[in-house]
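> Sequence first, then the predicted structure, then my questions.
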Amino acid sequence: MISPKISFDNTEIAFKGKSSKDLERAYWLFKIISSNFLTNVGPPITNFALNVGLPITGLIKATIFKQFCGGETIAGCTPAIQQLGKSAVGTILDYSVEGEDTEEVFDATFQEVLRTVEAAKNNPYIPFSVFKPTGLGKFELFEKVNAKEPLTDAEQAAYQRMLDRTDRICRACYEAGVKVLVDAEHSWIQDAIDDIARDMMQRYNLKQPIVYNTYQLYRHDKLASLKADFAYAQEVGFFLGAKIVRGAYMEIERARALEKGYKSPIQPTKEATDADYNEAIKFCVTHIDHIGFMAGTHNEASSKLVIDEMVKAGVEANNDHVYFAQLLGMSDNLSFNLGEAGFNVAKYMPYGPVKAVMPYLFRRAQENTSVAGQTGRELSLIIKEKNRRKNS
């Protein structure tokens, strides 16, 4: 049975860190996001305004940036980190600058990720670091390696620099005792990333799960990958680290499969995705002594399933091998109620210069509109809490 101490409908706990002004801003923001028209036309208009120097940065910082980002720098994120921590919700600092792919940018991103490791080392409210592999090396190189195409000498050198950056991040996490998440990417480069993540786990997960690979269960082959990686970890002798998510690139994946004429890697139905996601959760809890896993989900049923399986297996709420995660600014009813009940939970906290994180923010808004019921659920919870405060 689900613990009677937790209810995802408890908006008093969910929004206790938000003022009435914060709630009102979030209400109107989700109303705007719920409009597909505004979500589609907003990005080009905003990009144009930023590129020609129109003074809209302040407006962005006060609205969508404030809702979904912690700040422009790690130091700027400190108030948000502290506020979450007081409610037993951790932070995953996510440097969310996208769209550039020079060696200088890769080095800068690498150094920034190392700074998040240092911040986590000195702050109990930051249990994880995270990096996106294509933030450390060119997408095209992952693509060629994934397709087993030969690299030129220059490409091999560039790929080795990416591998060195990745290893130095994972080693820094190992030495600091900080867990690190390797984000998933598109299917046509994911095998190369999986190989790298498996190698990092084999090096650094000997005593405890430090490196976590990401398994996107909206792919029909990823439950099998999870089980195969676990079997390999058992055979070789290391802990598997697994972040379990549904996925974020469905439309792109299907369109590319159609264009290139191969079978789509995406599940045929949402029900099939949900079934594999739930099976992955059960598998991880069953093998909890040898797997560290993070349930990255905004789905209430999946969160309840994790709790059910933990109760059934006698796993304590604060077991360090189990974490929940949601995005900053979303599903506070999950995050804060889980934290209040003693479960390990953290928020992905994107940060970076306003203009540089706009691609991330636009992508997040568009994903919100494509997840059935997500924006409506956010709005209904905000309205419920506004009414509760008004009546009390």
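Nice, thanks for sending it over. Residues are numbered from 1 along each chain as shown.
> burial of the nearest residue to residue 179 once chain neighbours are set aside, as a residue count?
In space, residue 179 comes closest to residue 128 once its chain neighbours are excluded; the distance is 4.7 Å by C-beta to C-beta, 6 or more residues apart in numbering. The C-beta positions use only the backbone N, C-alpha and C, and glycine is treated the same way. By other C-beta atoms under 10 Å, 24 other residues sit near residue 128.
> these two touch, right, residue 128 and residue 177?
No. Applying C-beta atoms under 8 Å as the test, residue 128 and residue 177 come out as separate, 11.6 Å apart.
> Next, name the residue at the spatial heart of this protein.
Closest residue to the average C-alpha location of the chain: residue 348 at 5.7 Å, with C-alpha atoms, centre = their mean.
> Wasn't that residue part of a helix?
No. With DSSP: H, G, I helix; E, B strand; the rest coil as the criterion, residue 348 is strand rather than part of a helix.
> how much space between it and residue 178?
With the distance defined as C-beta to C-beta, to the nearest Å, residue 348 ends up 15 Å from residue 178.
> quick one: the strands in the stretch 1-150 of the chain?
90-95, 128-131 (DSSP state E, counting those that start in this stretch).
> quick one, what contacts the nearest residue to residue 61 once chain neighbours are set aside?
Closest residue to residue 61 apart from its sequence neighbours, by C-beta to C-beta, 6+ apart: residue 354 at 5.9 Å. Neighbouring residues of residue 354 by C-beta atoms under 8 Å, 6 or more residues apart in numbering: 57, 60-61, 65, 72.
> Which members of these are the farthest-apart pair?
60 and 72 (11.5 Å; C-beta to C-beta).
> And these two? Which one has more around it.
residue 60 (19 against 16).
> any idea what sits nearest that one, other than its immediate chain neighbours?
residue 354 (5.7 Å).
> Kindly reformat the strands of the stretch 1-150 of the chain as a markdown table containing distance to residue 281 and mean pLDDT.
Converted to a markdown table, those look like this (distance: least, C-beta to C-beta, whole Å; pLDDT from 0 to 100):
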| stretch | distance to residue 281 | mean pLDDT |
| --- | --- | --- |
| strand 90-95 | 20 | 97 |
| strand 128-131 | 19 | 98 |
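> I'd like those strands as JSON lines, with distance to residue 160 appended.
Output for the strands of the stretch 1-150 of the chain, formatted as JSON lines (distance: least, C-beta to C-beta, whole Å):
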{"stretch": "strand 90-95", "distance to residue 160": "23"}
{"stretch": "strand 128-131", "distance to residue 160": "17"}
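> so which of those strands gets nearest residue 263?
Using C-beta to C-beta, the strands of the stretch 1-150 of the chain put strand 128-131 closest to residue 263, at 30.2 Å.
> Contacts only, for the residue nearest to the centre of the chain.
92, 94, 130, 325-328.
> What's the first helix or strand after the helix or strand hosting residue 282?
According to DSSP states H and E, residue 282 maps onto helix 270-286. For helix 270-286, the following helix or strand on the C-terminal side (DSSP H and E) is strand 291-296.
> What helices and strands are in contact with that next one?
strand 211-216, strand 240-245, helix 270-286, helix 300-313, strand 322-327 (3 or more C-beta pairs under 8 Å, 6 or more residues apart in numbering; DSSP states H and E).
> Now with 7 Å, please.
For strand 291-296, the packing partners by 3 or more C-beta pairs under 7 Å, 6 or more residues apart in numbering; DSSP states H and E come out as strand 240-245, helix 270-286, helix 300-313, strand 322-327.
> Give me the contacts around the second one.
Here helix 270-286 makes contact (C-beta atoms under 7 Å, 6 or more residues apart in numbering) with 215, 217-218, 223, 226-227, 242, 244, 246, 267, 291, 293, 295, 302, 305-306, 309-310, 313, 315.
> how far is it from where the chain is centred?
18 Å (C-alpha atoms, centre = their mean, to the nearest Å).
> so is residue 154 in a helix, a strand, or just coil?
Quick answer, by three-state DSSP: residue 154 is helix.
> Can you check the pLDDT for it?
On pLDDT, residue 154 comes in at 98.
> Tell me who's in contact with it.
Contacts of residue 154 (C-beta under 7 Å, 6+ apart): none.
> swap in residue 243?
So residue 243 contacts 181, 212, 214-215, 294, 296 (C-beta under 7 Å, 6+ apart).
> And the residue nearest to the centre of the chain, how close does it get to residue 248?
12 Å.
> what does residue 175 give?
From residue 175 to residue 248 the distance is 31 Å (C-beta to C-beta).
> likewise residue 184?
8 Å.
> Quick check: closest non-adjacent residue to residue 206.
Nearest non-adjacent residue to residue 206 (C-beta to C-beta, 6+ apart): residue 238, at 5.5 Å.
> Am I right that that neighbour is in a strand?
No. Per three-state DSSP, residue 238 lies outside any strand segment and is coil.
> For it, the count of nearby residues, please.
22.
> Make sure it is actually in contact with residue 201.
Yes. Here residue 238 reaches residue 201: they are 5.7 Å apart, a contact under C-beta atoms under 7 Å.
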